[in-house]
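Trainee: One predicted model, sequence on top.
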There are 2 protein chains.
Amino acid sequence: MDPLSSRRPRRTALTNAVLTIVAERGLDQVSVREVAATAGVSIGTVQHYFPTKDDMLLAAFNDVVQRIRQRISSLCAGPHVRNNLSAVLHQLLPLDDERAAESRIVLAFAARAATSPALAGVQQTILTEITGALTDAFALAAAHATTDRCRLAAHIALAATDGLALHAASTHGWISASQLSTTLDFLLDMLLPTTEPGYAITP
Amino acid sequence: MDPLSSRRPRRTALTNAVLTIVAERGLDQVSVREVAATAGVSIGTVQHYFPTKDDMLLAAFNDVVQRIRQRISSLCAGPHVRNNLSAVLHQLLPLDDERAAESRIVLAFAARAATSPALAGVQQTILTEITGALTDAFALAAAHATTDRCRLAAHIALAATDGLALHAASTHGWISASQLSTTLDFLLDMLLPTTEPGYAITP
């Protein structure tokens, strides 16, 4: 058996353990000892794959980003770009337990990235990819809009979505799932009214 | 001298030390030892005011929230509500070094609040106050808008502002100060066009 491919499942089990700890107890509870206990392996095994806590966090954040990347790949596929746009942004909101856990994780890594250049690099890469894909989607949905306006719309849509997710994750229920969804729909209706040409992003 | 008032300056020096550590090195670097070293006092002094790390974080977060509260108090004062609204939201963006440090601090506490009920309570209180004040400001600026639409506009404006601050703080320069400002202005122009009645929040 290829030694590299046999390493992959165990490495993934360890990064999943990191993400479980982050979602349930917060990023500062991640340690080699806690990850070993959660994954059911020895401390030596964790250290074999990840010599430092920073190595573990970087690998776990890359796993999260990879999941988000797979979702946005559907953004410009198919004829209903506006629906795709709405669906992808709704996927980034904590509308069920699974996505609520992901919001806590993404928020924890964003906060850590503020003082970690390695995590900030990953964050910068994924934000660049998402805003690029959103800009293309807005351009497809509003044919007469300039690229500058589509880029502004992309930044607003992503900032509002991430801000809503932050407000929900940091308050435990201050804003309900249906309010999150209604607020995002209201914003998209402003950015892309169903009657063409779109008011906000076409001149 | 009143013993209570004489305690206040030292307590504030300690919470300021907490905030300095959070802004420069991240929230997980806060400890009784580090706060004592940063404030130039003994470990015993820190423990006298704050028996646990959670007590320190809660006091420091309350100090940050108090600063934000003072700013939003100007929101509905004076005749130019739209300008006030814009000015207050711009104050929440990391447009200079001082506000960049504050954005890192606010982001760190928001992430910690996701797994801390005490911090989540403070976060919920300040978000309720800000969205309430923003809702009132939108109602004054767009006289014909319904309260529901003003509340939606308030949620979008605050979510987009906090999301932009998150994107800037977590990437170290991916989005510039002038881009942050332009993006927020574009959103406010959508929510409150200068020609009355406002397109987006009036029926």
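Mentor: All right, it came through fine. All values derive from a computational prediction rather than experimental measurement.

Trainee: The residue nearest to A:V18 when sequence neighbours are not counted: helix or strand, and which one exactly?
Mentor: Computed as C-beta to C-beta, 6 or more residues apart in numbering or on different chains, the closest residue to A:V18 that is not its neighbour in sequence is A:A60, at 4.0 Å. For glycine as for every other residue, the C-beta is placed from the backbone atoms N, C-alpha and C. Mapping A:A60 onto the secondary structure by DSSP states H and E places it in helix A:53-72.

Trainee: Could I get the average pLDDT for that helix?
Mentor: Mean pLDDT, helix A:53-72: 92.

Trainee: residue nearest the centroid of chain A?
Mentor: When chain A is reduced to its mean C-alpha position, the nearest residue by C-alpha atoms, centre = their mean turns out to be A:I68, at 5.1 Å.

Trainee: hang on, isn't it packed against A:I126?
Mentor: Yes - in this structure, A:I68 is within contact of A:I126 by C-beta atoms under 8 Å, at 6.2 Å.

Trainee: and chain A, what are its domains?
Mentor: What the record gives for chain A is the domain set A:1-51, A:60-203, from automatic domain parsing.

Trainee: Which stretch among those is buried most, on average?
Mentor: Highest mean neighbour count of the domains of chain A: domain A:60-203, a mean of 19 (counted as mean count of other C-beta atoms under 10 Å in any protein chain shown).

Trainee: circling back to that earlier point, doesn't A:L19 make contact with the residue nearest to A:V18?
Mentor: Yes - the criterion here is C-beta under 8 Å, and A:A60 meets it with A:L19 at 5.4 Å.

Trainee: now the closest residue to A:D54 other than its chain neighbours: how far from B:A60?
Mentor: Counting by C-beta to C-beta, 6+ apart, A:D54 lies nearest to A:A118, which is 6.7 Å off, once chain neighbours are set aside. Relative to B:A60, A:A118 is positioned 26 Å away (C-beta to C-beta, to the nearest Å).

Trainee: where do the helices sit along chain A?
Mentor: For chain A, the helices identified by DSSP state H occupy A:3-25, A:32-39, A:43-49, A:53-72, A:81-91, A:97-113, A:117-141, A:147-169, A:177-191, in order along the chain.

Trainee: Show me the contact partners of the shortest one.
Mentor: Pointing back at helix A:43-49 there. Taking C-beta atoms under 8 Å, 6 or more residues apart in numbering or on different chains as the criterion, the residues outside helix A:43-49 that touch it are A:R7, A:R10, A:R11, A:L14, A:V32, A:R33, A:V35, A:A36, A:A39, A:M56.

Trainee: How about the backbone phi and psi for A:L92?
Mentor: The main-chain torsion angles of A:L92 are listed as degrees, to the nearest 10 and equal phi -90, psi 0.

Trainee: ok, it - contacts?
Mentor: A:L92 makes contact with A:I68, A:R99, A:T161, A:D162, A:A165, according to C-beta under 8 Å, 6+ apart.

Trainee: With A:L14 instead?
Mentor: With contact set as C-beta under 8 Å, 6+ apart, A:L14 has these partners: A:V35, A:A39, A:V41, A:T45, A:V46, A:Y49, A:F50, A:M56, A:A59.

Trainee: Swap in 7 Å and give it another go.
Mentor: Going by C-beta atoms under 7 Å, 6 or more residues apart in numbering or on different chains, A:L14 touches A:V35, A:A39, A:V46, A:Y49, A:F50.

Trainee: Same question for A:Q123.
Mentor: A:A110, A:A113, B:S170, B:T171.

Trainee: Please repeat the previous calculation with a cut-off of 6 Å.
Mentor: Residues in contact with A:Q123 (C-beta atoms under 6 Å, 6 or more residues apart in numbering or on different chains) are A:A113, B:S170, B:T171.

Trainee: mind checking how far it is from A:N62?
Mentor: As for A:Q123, its distance to A:N62 is 11 Å (criterion: C-beta to C-beta).

Trainee: what's the answer for A:H155, then?
Mentor: To A:N62, A:H155 is 24 Å away according to C-beta to C-beta.

Trainee: same question, A:T20
Mentor: As for A:T20, its distance to A:N62 is 16 Å (criterion: C-beta to C-beta).

Trainee: do the same with A:L119
Mentor: In this structure, A:L119 and A:N62 are 10 Å apart, going by C-beta to C-beta.

Trainee: Are stretch A:134-153 and chain B in contact anywhere?
Mentor: Yes - for a cut-off given as C-beta under 6 Å from any C-beta of the partner chain, stretch A:134-153 has contacts with chain B, namely A:L152.

Trainee: picking up where we left off before, with the contacts of A:Q123 in mind, which one is nearest to B:A177?
Mentor: Taking C-beta to C-beta as the measure, B:A177 sits nearest to B:T171 out of those, at 13.1 Å.

Trainee: How about the backbone phi and psi for that closest one?
Mentor: phi -130, psi -10.
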